[in-house]
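1. sequence below, structure please.
(one chain, ligands or ions: 2)
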Amino acid sequence: MVTAKVWVLKKHFEGFPKTSDFDLKKIELPNLKDGGKWKLLLESVFLSVDPYMRPYSRRDMKEGDIMIGTQVARIIESKNSAFTVGAFVVARGGWRAHFISDGKDLQLLPSSWPESLPKSLALGTVGMPGLTAYFGLLEVCRMKPGETVLVNAAAGAVGSVVGQLAKIGGCKVVGCAGSDEKVAYLKKIGFDEAFNYKTVTSLDEALRKASPDGYDCFFDNVGGEFASIAVNQMKKYGRIAVCGAISQYNDSVPQKGSYVQVPMIFKELRMEGFIVTRWNNRREEGLKALLKWVMEGKVKYHEHVTEGFENMPAAFIGMLKGENLGKAIVKV
Ligand SMILES: NC(=O)C1=CN([C@@H]2O[C@H](COP(=O)(O)OP(=O)(O)OC[C@H]3O[C@@H](n4cnc5c(N)ncnc54)[C@H](OP(=O)(O)O)[C@@H]3O)[C@@H](O)[C@H]2O)C=CC1
Ligand SMILES: O=C(O)CCC[C@H](O)\C=C/C=C/C=C/C(=O)C/C=C\CCCCCO
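-> Ligands and ions are numbered 1, 2, ... in the order given. Sure, this is the predicted structure:
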């Protein structure tokens, strides 16, 4: 029997999550049996902490459940010929250090994965956040060369890829983030304009200064006041990809009037919410493109790595508070 460490949601979050909302438990995993349902024993190598966990925990979980989430895991015992011991997969095993699987919901890392590339990228730039940027830009924003793209939470897992893909697409790119260090990073990876939304005297002025003619595409990761101001600076026939609303996730009472309807109508804006799983049938296309751009150096990546499974709650809370530059990852 393998004893597995797991993190459970002890108490539903009220406002920002607290470490006391989580409980670290040990569970006994059943042995794999020939012909049994459980075919694989895996150990988590890297675990992802993502913003969706905050709203989804309230929607999908009850207190006492193991936290939802994804990881890069290594196969350590197999009774499934499709998965050899030592192989790496992306799994949706939740916050678990070890777990068993029937093999159904595992994605093998491509055999072409370069040895030089951290496998943790499969949780970030060459994983769900990267795919979110890829499909959100191509299929929702439908960016065109010469257009101006705005992205907030721009130094994060999704936003940093949005900006770089928009540059590859021949666009002018404006980004905002919550620290001067992040702003410097944005300029380093090719953003045309970047500002610290926490320190500018006026968001409206900062946006106008960055692009006096306005914005064709707005990739919104944040919602709230920023979105309400940005919508007024959209060009006619502009497109808004509503990717997330992280400014709302920890609010018990959603901010009022996140989008102002008037400019939406007068400017005939297209505003579309989306979830990246819409394009699950094109996952390989996206991952292949992202891996190529990373290997060519056209898409840079940065990871904010927290060491130790026992530090998962702190990593999650830190990400929500903006401590991460790039994808927030926990290394077991
Ligand atoms: N629709 C979809 O399929 C998907 C949507 N998403 C969404 O994309 C967004 C970014 O996710 P991801 O890249 O993984 O996360 P990040 O790596 O960007 O980390 C979250 C960042 O959000 C910023 N942030 C936190 N609170 C606020 C706030 N109140 N106002 C402004 N910014 C804030 C912080 O950066 P800063 O320093 O800039 O404040 C923080 O670092 C989230 O809204 C997430 O829910 C992600 C994946 C898929
Ligand atoms: O196991 C699961 O079901 C989660 C799978 C996550 C997976 O990796 C794929 C998709 C991730 C989607 C993320 C979406 C967002 O971050 C947007 C989050 C919330 C939008 C609604 C917020 C409501 C505010 O009150």
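2. drop to CA atoms for contacts and neighbour counts, all remaining ones
-> OK.
3. what sits against the nearest residue to Gly273 once chain neighbours are set aside?
-> In this structure, Gly273 finds its nearest non-sequential neighbour in Val242, 4.4 Å apart by Cα to Cα, 6 or more residues apart in numbering. Residues counted as contacts of Val242 (Cα atoms under 8 Å, 6 or more residues apart in numbering) are 219-221, 223, 271-274.
4. how close does Gly86 get to ligand 1?
-> Here the criterion is Cα to the nearest ligand atom, to the nearest Å. By it, Gly86 lies 28 Å from ligand 1.
5. check Phe219 too.
-> Here the criterion is Cα to the nearest ligand atom. By it, Phe219 lies 9 Å from ligand 1.
6. quick check: that residue is in a helix.
-> No: going by DSSP: H, G, I helix; E, B strand; the rest coil, the assignment for Phe219 is strand, not a helix.
7. so what's the residue count around it?
-> Around Phe219 there are 29 other residues, counting by other Cα atoms under 10 Å.
8. residues contacting it?
-> Neighbour list for Phe219: 136-137, 141, 149-152, 162, 240-243 [criterion: Cα under 8 Å, 6+ apart].
9. any idea what it is bridged to?
-> When bridges are assigned using DSSP bridges, the partners listed for Phe219 are Val151, Ala241.
10. the one residue in the stretch 1-150 of the chain that gets nearest to ligand 2: what's it in contact with?
-> When Cα to the nearest ligand atom is the measure, the stretch 1-150 of the chain has its nearest residue to ligand 2 at Tyr52, with 3.8 Å between them. By Cα under 8 Å, 6+ apart, the contact set of Tyr52 is empty.
11. separation between it and Ile100?
-> According to Cα to Cα, to the nearest Å, Tyr52 stands 24 Å off from Ile100.
12. same check, this time on Leu131
-> Between Leu131 and Ile100 the computed distance is 27 Å (Cα to Cα).
13. what about these two, which has more around it?
-> Legend: neighbour count by other Cα under 10 Å for Leu131 and Ile100, higher for Leu131 (28 against 23).
14. which strand or helix spans the residue nearest to the more buried one when sequence neighbours are not counted?
-> Once flanking residues are discounted, Leu131 sits nearest to Gly286: 5.9 Å by Cα to Cα, 6+ apart. Secondary structure from DSSP states H and E places Gly286 in helix 283-295.
15. likewise for Gly64?
-> In this structure, Gly64 sits in neither a helix nor a strand according to DSSP H and E.
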